[in-house]
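In: Sequence and predicted model, in that order:
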Amino acid sequence: MWQSPDPAPRRPRAGAGSLQAMTTPILAALLVALAFATPAAAQTPSPLPSERPDSLRPPPDGYDYARRIAMIPMRDGVRLHTVILVPKGASHAPILLTRTPYDADALSANTTSTHLGASLYGYDNATDVVVEGGYIRVIQDVRGKYGSEGDYVMNRPLHGPLNPTPVDHSTDTYDTIDWLVKHVSESNGKVGILGISYDGFLAAMPLVHPHPALKVAVPMNPMVDGWMGDDWFHNGAFRQQNMPYIWEQVVTRDNSAKWATSHYDDYDMFMQAGSAGELGRRRGMEQSGFWRKILAHPAYDAFWRQQAVDSILARQPLTVPTLIVHGLWDQEDIYGAQALYRALEPKDTGNDKVFLVMGPWYHGQQIDEGSSLGALRFESNTALWFRRHVLRPFLDHYLKDDPPPANVAPVTAFVTGANTWERLDRWPQGCERGCTVTPTPLHLLSGGRLGFTGPTPRDSAFDEYISDPAKPVPFRRRPIQPVGYGGEFTWEYWLVDDQREQSGRPDVLTFTSDVLTAPVKISGQPVAHLVASTSGTDADWVVKLIDLYPDEVAEQKEMGGYQLMVAADIFRGRYRHSLQTPTPLKPNEPLPYQFKLPAANHVFLPGHRIMVQVQSSWFPLYDRNPQTFVPNIFWAKPGDYRKATQRVFHAPGRESFVELPLVAGR
């Protein structure tokens with residue numbers, strides 16, 4: 001520590017010399033005595049009392065709810081941090097449970113408020129439903145995250161080959177519900193579980209050996225199969241923009257380790273690294289156990305198949321009423337809800353256990369404002385309508401004592417384009433009554449044409465383009481932002497981005513129909529059928545089904561000529577023969593490819609046109625295909641990335657088309 005220098009010695013004043021001589025010996029003796037003495041004044045002083053309470057108790061009044069914290073024990077002794085919010089005066093109230101890896105304390109206190117609604121308003125809380133319904137709200141950290149004990153495993157598999165321990169999300173939910181109904185005295189003993197995304201996955205897992213008190217499950221936008229079409233891959237192409245999420249979610253308990261940024265534009269960051277594996281190496285991602293698993297399992301092997309939730313639940317008895325919520329423009333988990341419905345619906349012989357809602361929403365928008373999505377306007381608050389007319393009646397019916405009738409249809413589907421709701425008996429059905437869904441080819445034709453009549457011998461045999469990995473097609477307008485919500489981020493809107501910029505690129509094939517004179521409705525999953533060749537030994541194929549708006553739209557001028565994706569996806573060519581075993585493509589040989597696009601319930605209106613775009617990259621959302629076959633694309637070297645000539649054929653016998661689930665008979 002820095003100290004001031006000693007002051008300069010003073011000169012004795014005249015006449016003071018004798019006094020100094022007399023006092024010096026006395027002072028010296030006194031100093032010696034003080035050095036060996038321990039008077040009370042020299043003892044170490046006691047610390048000041050702390051002004052912080054030993055334990056913090058909530059104020060006695062002024063709140064319309066009570067907040068309780070419990071460490072609920074699981075069967076293996078691990079305790080899970082659980083927040084319990086009980087409305088003031090609650091009695092015989094049902095419990096709405098959400099289990100999450102995203103911090104139960106934060107999700108239950110989005111705002112520090114004396115009011116329950118203000119505290120809950122935010123992610124994963126259908127706040128109006130909780131508050132107006134008088135529900136006890138419970139949010140729990142999964143094991144290994146935030147306040148909970150134990151080890152975290154991404155999408156922890158069920159007990160079995162991938163999880164030799166006796167605990168999983170099914171058992172943890174069972175033990176949690178068992179504790180809640182025994183210890184929350186204000187409860188009526190009935191529990192519902194709901195959640196979005198990862199929390200939607202967690203809302204589906206307790207359908208395996210459910211607790212008797214679990215009366216309803218509401219998985220919204222659930223992660224179901226990470227390889228086929230949810231967060232990690234789509235048909236073998238890796239969703240590399242999720243790498244920051246993997247890093248932050250896995251390497252610390254509280255997400256305190258943040259992804260290191262290096263570029264303003266994600267396009268530049270991924271291009272400079274070369275491959276996703278190399279970028280992961282630069283960021284130290286191999287410290288993450290889950291990242292090491294992704295690197296080791298690029299194909300749809302047993303690691304992915306054995307944890308696919310739809311396959312698991314297809315083998316389970318159906319005992320709990322389940323409401324599955326799907327967003328038609330879900331930019332993260334567009335596969336999961338539909339896959340879950342397909343797995344459960346065949347077992348619903350009474351058509352009273354499995355319910356599906358499809359809304360015009362991005363990922364989780366059903367608990368937010370739902371009047372618009374990007375440039376689209378829906379003429380009503382679709383999310384509020386869903387919560388009032390479907391979610392709240394559904395929960396009340398199954399969870400409350402003396403329940404009111406729900407009057408919820410087996411399928412509640414929004415028709416995009418027409419902006420109306422339908423009540424259906426099943427999906428896909430097409431309309432409420434008197435119509436059928438017929439698979440109908442929409443042909444890619446020479447000259448950039450698109451039509452329901454196939455090619456003729458007079459037409460050219462193919463169209464071609466050069467796919468250059470050094471200049472991949474951006475999946476949206478640059479600069480491309482990271483995945484993120486709120487503020488400057490627009491991630492939730494990318495599936496409704498205008499595609500006209502891509503349609504003008506020389507490495508994107510565009511096929512357009514004539515102007516429609518009558519409405520064309522599709523209900524179900526379009527299927528891409530391509531006959532295509534590449535001069536390389538591997539290739540990606542992206543197919544986008546687009547609603548092309550009229551040149552001018554009087555009531556919303558910015559929609560003039562808008563190219564709206566209705567359904568789009570990517571397929572990695574190496575998996576053409578087998579999703580489990582990749583094989584190289586034969587150069588310059590026309591080969592058939594077939595893959596499903598996400599579900600649509602859409603009307604192409606008169607005056608609009610239908611468009612299909614085909615390309616070979618969707619960057620940087622998906623990693624680049626080097627277009628040279630390598631054993632593992634994560635470790636492709638710079639010299640592996642080569643230009644290739646891609647041809648899409650449309651000759652008799654080699655037709656390329658999109659099979660539309662066309663609705664007829666309305």
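Out: Perfect, thanks for sending it.
In: residue contacts, the residue nearest to Leu597 when sequence neighbours are not counted?
Out: Nearest non-adjacent residue to Leu597, counting by C-beta to C-beta, 6 or more residues apart in numbering: Ala567, 3.9 Å away. The C-beta positions use only the backbone N, C-alpha and C, and glycine is treated the same way. For Ala567, the contacting residues are 525-526, 544-545, 597-600, taking C-beta atoms under 8 Å, 6 or more residues apart in numbering as the criterion.
In: can you confirm Ala567 is in a helix?
Out: No: the secondary structure assignment for Ala567 gives strand rather than a helix, going by DSSP: H, G, I helix; E, B strand; the rest coil.
In: do you know how far it is from Leu340?
Out: Counting by C-beta to C-beta, to the nearest Å, the gap from Ala567 to Leu340 is 19 Å.
In: do the same with Pro661
Out: Note on Pro661: its distance to Leu340, by C-beta to C-beta, is 19 Å.
In: and Pro439, what helix or strand is that in?
Out: If you go by DSSP states H and E, Pro439 is part of strand 436-445.
In: Direction included, what does that strand pair against?
Out: Taking DSSP bridges as the criterion, strand 436-445 forms sheet pairs with strand 449-451 (antiparallel), strand 657-664 (antiparallel).
In: would CSV of these with distance to Gly62, mean neighbour count and mean pLDDT be doable?
Out: Converted to CSV, the strands paired with strand 436-445 look like this (distance: least, C-beta to C-beta, whole Å; neighbours: other C-beta atoms under 10 Å; pLDDT from 0 to 100):
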stretch, distance to Gly62, mean neighbour count, mean pLDDT
strand 449-451, 64, 18, 98
strand 657-664, 56, 21, 97
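In: Determine which of those approaches Glu379 most closely.
Out: Glu379 sits nearest to strand 657-664 of all the strands paired with strand 436-445, at 21.2 Å, using C-beta to C-beta.
In: residues making contact with that closest one?
Out: Contacts to strand 657-664, defined as C-beta under 8 Å, 6+ apart, come from residues 428, 430-431, 435-444, 454, 520-529, 543, 545, 597, 600, 612.
In: Please spell out the PyMOL selection for the buried subset of those residues.
Out: Buried members of the contacts of strand 657-664, defined by 16 or more other C-beta atoms under 10 Å, are picked up in PyMOL with:
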select buried, resi 428+430+431+437+440+441+442+443+444+520+521+522+523+524+525+526+527+528+529+543+545+597+600+612
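In: before we move on, back to that, against Gln140, how distant is the residue nearest to Leu597?
Out: Here Ala567 is placed at a distance of 36 Å from Gln140 (C-beta to C-beta).
In: Same question for Pro590.
Out: Computed as C-beta to C-beta, the Pro590 to Gln140 distance reads 54 Å.
In: Between the two, tell me which one has more neighbours.
Out: Neighbour comparison, Pro590 and Gln140: the larger count goes to Gln140, with 27 against 19 (by other C-beta atoms under 10 Å).
In: is it true that that one touches Ile72?
Out: Yes: with contact defined as C-beta atoms under 8 Å, Gln140 counts as touching Ile72 (7.3 Å).
In: Now do the shared contacts for the two.
Out: With contacts defined as C-beta under 8 Å, 6+ apart, the residues adjacent to both Gln140 and Ile72 are 80, 82, 176.
In: Kindly reformat these as TSV and extend each row with pLDDT.
Out: Rendered in TSV, the data for the shared contacts of Gln140 and Ile72 read as follows (pLDDT from 0 to 100):
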residue	pLDDT
Leu80	98
Thr82	98
Thr176	98
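In: Which of the residues you listed fall within strands?
Out: Judged by DSSP state E, the shared contacts of Gln140 and Ile72 include 80, 82 as members of strands.
In: Okay, strands next: where are they in the stretch 201-350 of the chain?
Out: Using DSSP state E, counting those that start in this stretch, the strands of the stretch 201-350 of the chain run over 214-220, 233-234, 237-238, 322-327.
In: Paired strands for the last one, with orientation please.
Out: In the sheet containing strand 322-327, the strands it pairs with under DSSP bridges are strand 214-220 (parallel), strand 354-359 (parallel).
In: Save those strands as JSON lines, and put in mean pLDDT too.
Out: Supplementary listing: the strands paired with strand 322-327 in JSON lines, determined by pLDDT from 0 to 100:
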{"stretch": "strand 214-220", "mean pLDDT": "98"}
{"stretch": "strand 354-359", "mean pLDDT": "98"}
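In: Show me the one of these that comes nearest Val325.
Out: Of all the strands paired with strand 322-327, the one in closest proximity to Val325, counting by C-beta to C-beta, is strand 214-220 (3.9 Å).
In: tell me which residues in that closest one are buried?
Out: The neighbour-count check on strand 214-220 (16+ other C-beta under 10 Å) flags 214-220 as buried.
In: For stretch 270-281, measure first residue to last.
Out: Start to finish, the residues bounding stretch 270-281 are 13 Å apart (C-alpha to C-alpha, to the nearest Å).
In: what does that stretch rub up against?
Out: Applying C-beta under 8 Å, 6+ apart, the set of residues contacting stretch 270-281 from outside is 238, 240, 243, 262-263, 269, 282, 286, 291, 295, 472, 619-620, 623-624, 632-638, 641.
In: Stretch 412-427 now?
Out: Stretch 412-427 is contacted from outside by 328, 341, 345, 351, 355-360, 378-380, 382, 385-386, 390, 409-411, 431-432, 519, 521, 523-524, 547, 566, 599-605, using C-beta under 8 Å, 6+ apart.
In: what's near enough to touch Asn255?
Out: With contacts taken as C-beta under 8 Å, 6+ apart, Asn255 has the following neighbours: 103, 248-249.
In: hey, where'd the strands end up in the stretch 551-666 of the chain?
Out: Remark: strands of the stretch 551-666 of the chain, listed N- to C-terminal, are 563-572, 591-596, 600-604, 609-615, 644-649, 657-664; assignment by DSSP E, counting those that start in this stretch.
In: Of all these, which one is nearest Val184?
Out: With C-beta to C-beta as the criterion, Val184 lies closest to strand 600-604 of the strands of the stretch 551-666 of the chain, at 40.0 Å.
In: and the closest one, how far out from the chain's middle?
Out: Averaging C-alpha coordinates over strand 600-604 and over its chain gives two centres that are 23 Å apart (C-alpha atoms, centre = their mean, to the nearest Å).
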